[in-house]
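Novice: Attaching a predicted model along with its sequence, questions to come.
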Amino acid sequence: MATLDLQEQEQVEALKAWWKDNGKWLLLVLTLVLGVFAATKGWHTYKDRQASEAATLFAELNKQVSSKDAKRINDAAAAVIDKYGSSAYATRAALLAAQINIQAKDVAHARTQLQWVIDHAGEAALKDVARLKLASLLLDEKSYAEALALLEATHPDSFNGLYADLKGDVLNAQGKTEEARIAYQLAFEKTDAKSPYHNLIQMKLDALGGAK
């Protein structure tokens, strides 16, 4: 073994001294880093498992939809929402159940589910769908101010036609003919001309005397 010269010996001694003073802290930091890595990996595994379980419950909900049994559908939706409320499946389950409740004339239940989607959905498009459905229910209940408040929410351009059309319905129900006409005109301009929905908006405009 080669003999260390004086300078090398000094470097070795300095390294030993540094390790004595700092080595245990270095090991502690390393242990913490590895611990965080393991925890992060475990968290992703947990999230993957959660998503899989949520998907299974959502599939069961879809099976129940064909039964037309509102109670069974609501129970299946509640299972997804209660256990996996932060998942994308939960907001879809709430929307699906709300639609069933609307058809079953259980408006109170549908309103609660739609409001839950608005408050919890991570996807903007789902919030917009829920707002439109809820505003439509409020229109039927003649809760015009609440409906208009929902329709004033910021939304993507792709929803402009739908929002403006429903706003026209609310304003028309209030007897605000001129404001309703303006809303319908906007909806007409923002809706694809090839869409059958475009013709429906035209009929609404014609009923108010057409565009001005």
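Specialist: Now that the structure is in, tell me what you want to look at. Residues are numbered from 1 along each chain as shown.
Novice: From now on I want contacts and neighbour counts done on CA atoms only, so please keep to that.
Specialist: Will do.
Novice: in the chain, which helix or strand is least confident?
Specialist: Lowest mean confidence among the helices and strands of the chain (mean pLDDT, DSSP states H and E): helix 6-65, at a mean of 56.
Novice: other SSEs contacting the next helix or strand after that one?
Specialist: Using DSSP states H and E, the helix or strand that follows helix 6-65 in sequence is helix 70-83. Helix 70-83 sits against helix 6-65, helix 88-103, with contacts defined as 3 or more Cα pairs under 8 Å, 6 or more residues apart in numbering; DSSP states H and E.
Novice: Quick one: distance of the helix or strand following the last one to the chain centre.
Specialist: Following the chain from helix 88-103 toward its C-terminal end, the next helix or strand by DSSP H and E is helix 107-120. Computed by Cα atoms, centre = their mean, to the nearest Å, the separation of helix 107-120 from the middle of its chain amounts to 12 Å.
Novice: Pull out the buried residues from helix 107-120.
Specialist: 107, 110-111, 113-118, 120 (16 or more other Cα atoms under 10 Å).
Novice: Any chance of CSV for these, columns distance to residue 150?
Specialist: CSV is the format used below for the buried residues of helix 107-120 (distance: Cα to Cα, whole Å):
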residue, distance to residue 150
107, 17
110, 16
111, 13
113, 15
114, 12
115, 11
116, 14
117, 13
118, 10
120, 16
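Novice: out of these, which one sits closest to residue 159?
Specialist: Using Cα to Cα, residue 118 is the member of those that lies nearest residue 159, at 15.5 Å.
Novice: pretty sure that closest one is touching residue 132, no?
Specialist: No: in this structure residue 118 lies outside contact range of residue 132 using Cα atoms under 8 Å: 10.4 Å.
Novice: so where's the protein shaky on pLDDT?
Specialist: Scanning the chain for pLDDT under 70 picks out 1-51, 210-212.
Novice: Domains in it, by residue range?
Specialist: Here the domain assignment for the chain is 19-122, 144-212, based on automatic domain parsing.
Novice: Distance to residue 138 for those - can I get that in CSV?
Specialist: Formatted as CSV, these follow (distance: least, Cα to Cα, whole Å):
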stretch, distance to residue 138
domain 19-122, 9
domain 144-212, 5
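Novice: give the contact list for the residue nearest the centre of the chain.
Specialist: Residue closest to the average C-alpha location in the chain (Cα atoms, centre = their mean): residue 121, at 2.4 Å. The contact partners of residue 121, taken as Cα atoms under 8 Å, 6 or more residues apart in numbering, are 88, 91, 127.
Novice: Since that was my last question, I'll sign off now.
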